[in-house]
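Peer 1: Sharing a sequence plus its predicted fold:
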Amino acid sequence: MTTLDELNRILSGRLIYGGGLIGRADFAIGTVVADSRRIEPGDVFWALRDSMQNGANFVGDAFRRGAAGVVAERTVNPPPYHWSLQVDDAYRALVDFAAWKRRRFTGTLIAVTGSIGKTTTRQMIQTVLKTRLAGAVSPRNDNNRVGVPLSMLQIEPNHDYAVLGLGASRRGEIASLAQLCLPKVGVITQIGDAHLGGFGSRQAIAESKAELLDALPPDGRAVLGDDPWLRNLAEDCKAAVNWVGLGEGCDVHARDVKSHDGHLTFRVVTSANSPHALGTPFRIPVWGRHHVTAALAAIAVGRMMGFDLHEMADALEHFKPLPQRCEVLHLRSATVIYDAYSANPAAMRAALELLGDFDGQGRKIAVCGDMPGLGDEAHELHWEMGKQIVEAADADMLIACGEYARQVVGGAKAAGMFPARAIACKDVEEALPYLGQAILPGDVVLVKGSRLMAMERVVEALQQYPVRKSA
């Protein structure tokens, strides 16, 4: 743990003690938090400033919630038994502290990026490695210019590994984050259309993700999903490349992939095996075949860290997926696929295929929100999403929410959905009255959208509505 005295020396700030703390600079500081609403007793509130607000305006709230100290750009007089550290630039100070943490870490730093499945991939890698190694993993989806240095502060010198997510909405961001965290292993899941508006083209998205490859040292390792964009860009990678996917040309590939009743099953064959090898069986408690790339990436990283296939199969059999990611609930005697964390064309397609895989006597209903950040292609991609709701999910009914709801409905109708069963709503609140009337016992309902669309309101409403009997 880092002491207050060490923090002051690293940042060269102005340390102010509250009454009772004088001479106590040797005690360990707590977890660093940049959102005062998430402060727990003993935490350190890092008062960052951005274009919207200045975190220094919330130091009082942070102390009331139990913060032991604050780091801010203005003078803060702390209450008794608390402290404050004044710095010139709070963000620069955060980066300097993270870089100091990185220099003390001698384990393996694993960075994960991609257009889909970053969080699940991180969590699966953690599930494998933690069985006999000590390490840290990025919490939640902390993969931006603030989240990455905050995640790095959890790394301790005695850790064997650290798993960080790197995200980007424009060129150069992954390069900057990689320069800070200095990964030894880089994982890229696949290339999709997320943040297309910020990048302008899929080529630019692919080149942005490939910035992680450029940051790897010659003795590093890359783990790449079998994606044609990545195949083209990996040729210049100076680190050794390991491919994962369904093709036998991959270093780690899956056979006999099946998804049924909340479990993904497959057999893993590696490049070290005979082409005719049966493979090692895996059974992971997740819904949807699209999780196979995340699992294979975790297996490839595990092999690099000295794990064999059988112990990784045992570890992943106990994997616990995070909430709101293809989470299957049973509400009002209906089955609800709750996937409301992110939405881009690749993630939407995966969720729709999961809906299509469900068997049952009831209908299949898609309740979908906008996919943000698609730029000039937003209209076309939402129209295509509507077609996939019919063609990939075989949905009987659609309730589309958001700015592009009419495009989604138009695509569904063009693919053959009966017009009266395709409803366009301006937002989630307008869609809620339809839910109680539309959903019957035995139906399978996909609730899919980004956090911006507040799709959790759909699930909350379904929990409150009484069960409607079948006609």
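Peer 2: The structure has been received and is ready for your questions.
Peer 1: now the end-to-end length of stretch 394-404.
Peer 2: End-to-end distance of stretch 394-404 (C-alpha to C-alpha, to the nearest Å): 21 Å.
Peer 1: buried sites along it?
Peer 2: Using 16 or more other C-beta atoms under 10 Å as the test for burial, stretch 394-404 gives 395-402, 404. Where you see a C-beta, it was placed from the backbone N, CA and C, and this is true even at glycine.
Peer 1: same check, this time on stretch 277-290
Peer 2: 279-280, 282, 284, 286-290.
Peer 1: one step back: from the buried residues of stretch 394-404, which is closest to residue 424?
Peer 2: residue 400 (5.3 Å; C-beta to C-beta).
Peer 1: in the stretch 351-471 of the chain, which spans are strands?
Peer 2: For the stretch 351-471 of the chain, strands defined by DSSP state E, counting those that start in this stretch occupy the ranges 364-369, 397-401, 422-425, 444-448.
Peer 1: With mean pLDDT and distance to residue 248 added, can I get these in a markdown table?
Peer 2: Converted to a markdown table, the strands of the stretch 351-471 of the chain look like this (pLDDT from 0 to 100; distance: least, C-beta to C-beta, whole Å):
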| stretch | mean pLDDT | distance to residue 248 |
| --- | --- | --- |
| strand 364-369 | 94 | 34 |
| strand 397-401 | 95 | 38 |
| strand 422-425 | 95 | 41 |
| strand 444-448 | 93 | 32 |
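Peer 1: Quick one, which of those gets closest to residue 346.
Peer 2: Among the strands of the stretch 351-471 of the chain, the nearest to residue 346 by C-beta to C-beta is strand 444-448 (12.4 Å).
Peer 1: just how off-centre is the closest one within its chain?
Peer 2: Taking the mean of its C-alpha atoms, strand 444-448 sits 20 Å from the chain's own mean (C-alpha atoms, centre = their mean, to the nearest Å).
Peer 1: That strand: partners in the sheet, and parallel or antiparallel?
Peer 2: Next to strand 444-448 in the sheet, as set by DSSP bridges, lie strand 334-339 (parallel), strand 364-369 (parallel).
Peer 1: So what touches it?
Peer 2: The set of residues external to strand 444-448 that reach it, using C-beta atoms under 8 Å, 6 or more residues apart in numbering, is 334-340, 343, 348, 351-352, 354-355, 358, 360, 362-369, 393, 395, 439, 455, 458-459, 462.
Peer 1: related to what we said a few turns ago, so of the buried residues of stretch 277-290, which ones are in strands?
Peer 2: The members of the buried residues of stretch 277-290 that map onto strands under DSSP state E are 280, 282, 284.
Peer 1: And the second one, how close does it get to residue 316?
Peer 2: For residue 282, the distance to residue 316 (C-beta to C-beta, to the nearest Å) stands at 6 Å.
Peer 1: hey, what's in contact with both of these two?
Peer 2: Common contacts of residue 282 and residue 316, defined by C-beta under 8 Å, 6+ apart, comprise 295, 299.
Peer 1: The stretch 51-200 of the chain: helices as residue ranges?
Peer 2: In the stretch 51-200 of the chain, the segments counted as helices under DSSP state H, counting those that start in this stretch are 59-64, 90-104, 118-129, 147-152, 173-181, 196-199.
Peer 1: do you know which of those lies nearest residue 296?
Peer 2: That would be helix 118-129 among these, by C-beta to C-beta, at 9.3 Å.
Peer 1: what separates that closest one from the chain centre, distance-wise?
Peer 2: Taking mean C-alpha positions (C-alpha atoms, centre = their mean), helix 118-129 and its chain are 10 Å apart.
Peer 1: Please parse this structure into its domains.
Peer 2: 4-90, 105-316, 327-464 (automatic domain parsing).
Peer 1: The longest one: end-to-end distance?
Peer 2: It refers to domain 105-316. 27 Å.
Peer 1: Make 22 the starting number, not 1.
Peer 2: Will do, 22 is the new start, and the previous item becomes domain 126-337.
Peer 1: give me every residue that touches the nearest residue to residue 474 once chain neighbours are set aside.
Peer 2: Using C-beta to C-beta, 6 or more residues apart in numbering and skipping the chain neighbours, the partner closest in space to residue 474 is residue 390 (3.3 Å). Contact analysis of residue 390 by C-beta under 8 Å, 6+ apart lists 361, 364, 421-423, 449, 469-471, 473-474, 476.
Peer 1: and with 10 Å instead?
Peer 2: 361, 364, 369, 420-426, 429, 446, 448-449, 452, 468-476, 479 (C-beta atoms under 10 Å, 6 or more residues apart in numbering).
Peer 1: just residue 171 next, same as before
Peer 2: 52-56, 67, 69, 115, 118-119, 159-160, 163, 165.
Peer 1: Got the confidence number for it?
Peer 2: Per-residue pLDDT puts residue 171 at 96.
Peer 1: Look up how far residue 159 lies from it.
Peer 2: Residue 171 is 9 Å from residue 159, where distance means C-beta to C-beta.
Peer 1: swap in residue 80?
Peer 2: Distance of residue 80 to residue 159, given as C-beta to C-beta: 26 Å.
Peer 1: and those two? which has more neighbours close in?
Peer 2: residue 159 (25 against 22; other C-beta atoms under 10 Å).
Peer 1: Surely residue 212 and residue 222 touch.
Peer 2: No: here residue 212 does not reach residue 222: they are 11.2 Å apart, not a contact under C-beta atoms under 10 Å.
Peer 1: Which neighbours do the two have in common?
Peer 2: With C-beta under 10 Å, 6+ apart as the test, residue 212 and residue 222 both reach residue 228.
Peer 1: who's more crowded, those two?
Peer 2: Per other C-beta under 10 Å, whichever of residue 212 and residue 222 has more neighbours is residue 212, with 25 against 12.
Peer 1: how deep is the residue nearest to the more buried one when sequence neighbours are not counted tucked in, by neighbour count?
Peer 2: Leaving aside its sequence neighbours, residue 212 sits nearest to residue 250 (C-beta to C-beta, 6+ apart; 4.0 Å). Close neighbours of residue 250, defined as other C-beta under 10 Å, add up to 20.
Peer 1: Please apply the same query to residue 136.
Peer 2: Applying other C-beta under 10 Å, we find 26 residues neighbouring residue 136.
Peer 1: State the distance from it to residue 292.
Peer 2: 26 Å.
Peer 1: now do residue 381
Peer 2: Distance, residue 381 to residue 292, using C-beta to C-beta: 40 Å.
Peer 1: picking that back up, which stretch in the helices of the stretch 72-221 of the chain is the model least sure about?
Peer 2: helix 217-220 (a mean of 56).
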